[in-house]
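Q: Just a sequence and a predicted model for now, questions to come.
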Amino acid sequence: MNANILFRYIHELSDAAEREMVVAWLQESEKNRDILAALAQRKLSLEKAADKDNAASDWLKIQTAIQEAPVKKMFPWKRYSAAAAIAALLCTAAWYSTHRPAPVTPHLVKLATTARDKKRITLPDSTEVWLQYNSSLTYDAATFHNSERCVTLQGTAFFNVTSNAAKPFRVQTPHTAITVLGTSFHINARENAPQEIAVATGKINVTAEQLNINLLPEQKITYDPVTHKTTTSHISLHQVTGLRDNKLVFENDDLPGIAAKLEQWYNRKIIIRGTPQRVSFTGSVEDNGIHAVLGGLSFLAGIQYQVTADSVILSLHSNSLRNNK
């Protein structure tokens, strides 16, 4: 691995091809990931060294060690997994590259939920985050108040970001980066699945490989990290803020549409049984647990359900044809 490519990667100067090479190299072994972490710290100390000749010599030694590790091809989902694992490091390294402060010991804070609980989180800048089931949010408390407020999301969350024009707020996901000043928005960013980002208030910028787009209120983007296909659409404010308000919102949804929203909301496999008569359902159901939600849908939309250990099976009553407002 060429050390100059790694250097550009740490400072977020690399192009798409170089990023793919680095992430592939990181996935090869724990040793490679340790080298990158050490490289970021060592480069910082070398830049501050008084003896520049010795610093250059040490840097060349690190280059030689890095170049011994080969780069191999890998599947796309592995690349994204490796990228997510080092996202917090990149946020810290990017700030170091611009300001070069005295060395700071990272203090990573990770907040996570399970399949049975959700969390409402207040970050150090008073930004509020509603963290959905089976999701996690990570940030470096040692650098969070520097020039950029950076967090890493795995899963689904709604953000209400405290406005601070001098310190942009950045969310890194396995496939995208979202930058804002002060706004509220929803992100669904799970491994090996299309990313969905929707804005409630304000304006955000979304970047990814072959993607750079601004989103305004009630706009939604769906991005496939494998094909790089991007779809933009309109979304109602109620749907964007549903997670914050603890409500599943349905708008003219048929059974597959209902199943898709349940699957995304609970991060749980939903199976449709049979080919029942079509249903169109509009309404909202408060999330008091999956059994309570399914019970409400059973009454409101005529859905029959069965909950198993690893999935939910849905079907419609044979005489169901409803449109609830």
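A: Cool, got the structure. Numbering: from 1, shown residues only.

Q: isn't residue 169 right up against residue 179?
A: Yes: Residue 169 lies in contact with residue 179 (C-beta atoms under 8 Å); the separation is 7.3 Å. No exception for glycine: its C-beta is placed from N, CA and C like everyone else's.

Q: Looking at these two, which one has more neighbours?
A: Applying other C-beta atoms under 10 Å to residue 169 and residue 179 shows that residue 169 carries more neighbours, namely 23 against 16.

Q: Can you tell me the SS state at residue 31?
A: Here residue 31 is helix, with the state taken from DSSP: H, G, I helix; E, B strand; the rest coil.

Q: Which pLDDT value belongs to it?
A: Looking at residue 31, its pLDDT stands at 72.

Q: got it, and residue 14?
A: 64.

Q: ok, now residue 178?
A: Confidence for residue 178, expressed as pLDDT, is 95.

Q: Can you get me a residue count around it?
A: So residue 178, with other C-beta under 10 Å, has 26 neighbours.

Q: Show me the beta-bridge partners of the closest residue to it other than its chain neighbours.
A: Distances taken as C-beta to C-beta, 6 or more residues apart in numbering place residue 171 nearest to residue 178, at 4.4 Å, with adjacent residues excluded. Residue 171 forms beta bridges with residue 151, residue 178, as assigned by DSSP bridges.

Q: ok, residue 171 - contacts?
A: For residue 171, the contacting residues are 151, 152, 153, 159, 177, 178, 180, 187, by C-beta atoms under 8 Å, 6 or more residues apart in numbering.

Q: Give me the spatial nearest neighbour of residue 269, chain neighbours excluded.
A: Using C-beta to C-beta, 6+ apart, the closest residue to residue 269 is residue 311 (4.2 Å).

Q: if I pick that neighbour, what's in contact with it?
A: Residues near residue 311 by C-beta under 8 Å, 6+ apart: 268, 269, 270, 271.

Q: Just give me the closest of those to residue 120.
A: Closest approach to residue 120 among the contacts of residue 311 (C-beta to C-beta): residue 268, at 21.2 Å.

Q: Next, work out how far apart the residue lying closest to that closest one once chain neighbours are set aside and residue 306 are.
A: Among residues not flanking residue 268 along the chain, residue 312 sits closest, at 6.3 Å (C-beta to C-beta, 6+ apart). According to C-beta to C-beta, to the nearest Å, residue 312 and residue 306 sit 7 Å apart.

Q: So which of those two has more stuff around it?
A: Between residue 312 and residue 306, counting by other C-beta under 10 Å, residue 312 is the more crowded of the two (19 against 12).

Q: Can you pull the phi/psi pair for that one?
A: phi -130, psi 130 (degrees, to the nearest 10).

Q: who does it bridge with?
A: Under DSSP bridges, the beta-bridge partners of residue 312 are residue 270, residue 307.

Q: And for residue 204?
A: With DSSP bridges as the criterion, residue 204 is bridged to residue 215.

Q: Next, the contact list for it, please.
A: Residues near residue 204 by C-beta under 8 Å, 6+ apart: 178, 179, 180, 183, 185, 197, 214, 215.

Q: Cross-check the contact I'm expecting between the second one and residue 170.
A: Yes: applying C-beta under 8 Å as the test, residue 179 and residue 170 come out as touching, 5.1 Å apart.

Q: okay, the residue nearest to residue 269: pLDDT?
A: 89.

Q: what do you get for residue 206?
A: So residue 206 comes in at 94 (pLDDT).

Q: Could you do residue 97 as well?
A: At residue 97, pLDDT is 49.

Q: what does the domain assignment say about this structure?
A: As given by automatic domain parsing, the domain ranges for the chain are 3-85, 108-239, 246-316.

Q: Run through the stretch 151-300 of the chain and note the low-pLDDT ranges.
A: 275-277 (pLDDT under 70).

Q: which residues in it form strands?
A: Using DSSP state E, counting those that start in this stretch, the strands of the stretch 151-300 of the chain run over residues 169-172, 177-180, 184-189, 195-201, 204-208, 211-215, 219-223, 230-234, 247-253, 269-272, 281-286.

Q: Which of those sits closest to residue 17?
A: strand 204-208 (15.1 Å).
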